[in-house]
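# With the sequence up front, the predicted model follows.
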Amino acid sequence: MPRSSTGQPLSKSSLLTSPLATNWRMRYKDSPKFAFLSHGVISHDNVNTVGYADDDLKAVLQMFEKDSFLNNTLLIIFADHGARFSGLRKTIQGKLEESGIVTGQSLFSRIDEKNRTCASAGVEDHWCPCLDLETVSIDEPIVKEAAEFVARYVNNLTSQSNELTKLCQLLVLKEVKTAFREMPKEAMQRFHDTKNGANDWCDACEAVMGAKAENNIFRDTLYQVQLVTSPN
């Protein structure tokens, strides 16, 4: 472990600001450098502990910005895979985190942002996180709750002054016409396993489909609701 001028070990928080680190940064500031850093031990067995590295990562980024390293640095922060086990893997997000990378592309090649698809990125259809509009029953409680919220929101806007109150009538929810929600592609929701499990070399060759996954993040799901109010 690096030590201070007095011989005492330096803590993580003081490593970046120590005279030793400062001297190294300034001495080699104009020299090209490459570094690959990993903290897999922190979160390898528990995804919740990745937050322990937050303060150190923040300190590194702040140092990069303060010393202008970001002006000529390609900085990549990435994870190599999602949760290896636990209940998280049974959720929709957990399924997405199992996706393998089969297509590579240079970071210096131009990407057409208007025509990006899962297929162009080498992502199989049952791993595709692109969202589709899925029809929802207008009788679902969250649909009714959303429609009522819209009516209340408009009423609050038109009741903020005496003048507005005189000009605008309060709206009453009359009918919900249609409702949709944005969800990942159905193939991804229904994907259960591969025919040969972990030993399968091609997860698209023998995909085993099952029932659609339960939407357990429904309060973070985007809904589109068409409604009628009275009067209006």
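That came in fine, so what should we check first?
# got the residue ranges for the strands in the chain?
For the chain, the strands defined by DSSP state E cover 131-135, 172-184, 191-194, 207-209, 223-230.
# Pretty sure Ile164 sits against Asn156.
Quick fix: residue 164 reads Leu, not Ile. No. Using C-beta atoms under 8 Å, Leu164 is not in contact with Asn156, being 10.5 Å away. Glycine gets a C-beta too; all of them are placed from N, C-alpha and C.
# top helix in this structure by residue count?
Longest helix of the chain, by residue count under DSSP state H: helix 141-157.
# before we move on, back to that, ok, which of the strands of the chain comes nearest Asp80?
Taking C-beta to C-beta as the criterion, Asp80 comes closest to strand 191-194 out of the strands of the chain, the separation being 20.0 Å.
# And the closest one, what's buried?
Neighbour counts over strand 191-194 (16 or more other C-beta atoms under 10 Å) mark Phe191, Thr194 as buried.
# Give the partner strands of it in its sheet and their orientations.
Within its sheet, strand 191-194 is paired with strand 207-209 (antiparallel), according to DSSP bridges.
# Would you pull up how far the partner strand lies from the middle of the chain?
25 Å (C-alpha atoms, centre = their mean, to the nearest Å).
# So what touches that strand?
Outside of strand 207-209, the residues within contact range by C-beta atoms under 8 Å, 6 or more residues apart in numbering are Glu124, His126, Ala187, Arg190, Phe191, His192, Asp193, Thr194, Lys195.
# rerun at 10 Å
Applying C-beta atoms under 10 Å, 6 or more residues apart in numbering, the external contacts of strand 207-209 come out as 124-127, 186-187, 189-197, 200.
# Next: stretch 133-153.
Stretch 133-153 has contacts (C-beta under 10 Å, 6+ apart) with 170-186, 189, 212, 215, 218-219, 221-230.
# dump the residue contacts of the closest residue to Pro231 other than its chain neighbours.
Spatial nearest neighbour of Pro231, chain neighbours left out: Gln169 (5.9 Å); criterion: C-beta to C-beta, 6 or more residues apart in numbering. Under the criterion of C-beta under 10 Å, 6+ apart, the neighbours of Gln169 are Asn155, Thr158, Thr229, Ser230, Pro231, Asn232.
# Show me what the fourth one bridges to in the sheet.
For Ser230, the residues forming beta bridges with it (DSSP bridges) are Val172.
# Begin at 44, not 1, for the rest of this chat.
Got it, the first residue is 44 from now on, which makes the last one we talked about Ser273.
# Count the neighbours of the spatially closest residue to Phe112 that is not a sequence neighbour for me.
Spatially, and ignoring its direct neighbours in sequence, Phe112 is nearest to Met106 (7.7 Å; C-beta to C-beta, 6+ apart). Using other C-beta atoms under 10 Å, Met106 has 15 other residues around it.
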